[in-house]
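1. Pasting the sequence and the predicted coordinates here, then a few questions.
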Amino acid sequence: IHHHRYISNSCSSISLLSTRASTIYTLIHKRKMVFSLKVTDKTMPNGTPFYWGEMDTTTTFCEPKYAFSSYFAEFVNAWSSLIYVVVGIYIVHKFPHSRWNRMAGIWLATIGIGSFLFHATMRYSIQLMDELPMVGFIWTVVMHKTMSTQHASIQKYATAIQVFISMQAVALVALYIYWDQYEIFLHGFTIMVLNDAVLGFLLKTTGPLRHGVLKRQVNMYGLCLILVGKGVWELENQVCHAIPSLIWPMHTIWHFCSAASAYNTCIFNHLCFLDDDDGDSSK
């Protein structure tokens, strides 16, 4: 009797373990299917249509699509985008007398709203609401730098630089919309960021010494933040297919690093005008 009871209990235990193992396998398999979604997918693995329709963006991210909410294609990336809104509003509040910094803050907040909607929907029409304000932001901070009188060459060629950066911005937007290629935006925006970095490098060593050290520190912090953020984003892109369940949250680091870098850029621009003979000419 005891022998039959032991066999019966053993069979029950094996059956329970088998059921649990099957359940775990099913959950893992479903999660892998969610992670494998591409921008061309139209439905969830169970056949349910996406809430916002077919994902038709020119770029994608590692976060599993509609995994946390049926209303958000990328739940975490969407909500982390609002850091741009917070920082943008703070910039507007912090620099009430600087027209260009206020404009930069408004652009940054607009980026946050567009990025939130973009990650929530993963639709191309909304993607432009995220990326085009980025062009507006970088154009604004570069234009701001050209108005400083602390560097002779920048002051001498200010008009030429302003025309050049404006033509760059218009060409980037026009080519990106016409050709519909994400690489055009990526490389064009990078060139505009490099323009800002060059002007920042020239301005950080000029002007009175009382703000020179602070300018160099702020410039270095901003540069390090954007490089770290970009590096993490590239890491996500490179290893997403290998370990998606571990790497996908890294895009949120880009959001926070780039928002902090944008704030440092506005601080740097403000410092470039504190000691100008005619005050802040950006007012």
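-> Happy to help now that I have it.
2. Okay, strands next: where are they in the chain?
-> Per DSSP state E, the chain carries no strands over any range.
3. which residues does the spatially most central residue of it contact?
-> Centroid check for the chain by CA atoms, centre = their mean gives His255 as the closest residue, at 4.4 Å. Residues in contact with His255 (CB atoms under 8 Å, 6 or more residues apart in numbering) are Asn77, Ser80, Ser81, Ile83, Tyr84, Ser115, Gly229. In this view, the C-beta of every residue, glycine as well, is placed from N, C-alpha and C.
4. Model confidence at it, what's the number?
-> pLDDT for His255: 97.
5. now it, nearest residue through space, not along the chain?
-> Take His255 and drop its neighbours on the chain: the residue closest to it by CB to CB, 6 or more residues apart in numbering is Ser80, 4.7 Å away.
6. The one you found and Trp254 touch, don't they?
-> No. Contact between Ser80 and Trp254 fails when scored by CB atoms under 8 Å: they sit 9.0 Å apart.
7. before we move on, the earlier item: so what's the residue nearest to His255 up against?
-> His251, Thr252, His255, Phe256.
8. Could you tell me how many residues sit around the first one?
-> Think His251. 23 (other CB atoms under 10 Å).
9. Please give me every residue in contact with it.
-> Phe61, Cys62, Glu63, Asn77, Ser80, Val232, Trp233, Glu236.
10. Equivalent analysis for Gly88, please.
-> Residues counted as contacts of Gly88 (CB under 8 Å, 6+ apart) are Gly105, Ile106, Trp107, Leu108, Ala109, Thr110, Ile111, Gly112.
11. run the last query once more with 6 Å
-> By CB atoms under 6 Å, 6 or more residues apart in numbering, the contact list for Gly88 reads Gly105, Leu108, Ala109.
12. Helices - which of those residues land there?
-> Gly105, Leu108, Ala109 (DSSP state H).
13. Please name the nearest non-neighbouring residue to the first one.
-> By that I understand Gly105. Distances taken as CB to CB, 6+ apart put Ile91 closest to Gly105, at 3.3 Å, once the chain neighbours are dropped.
14. Thanks again, I'm all set now.
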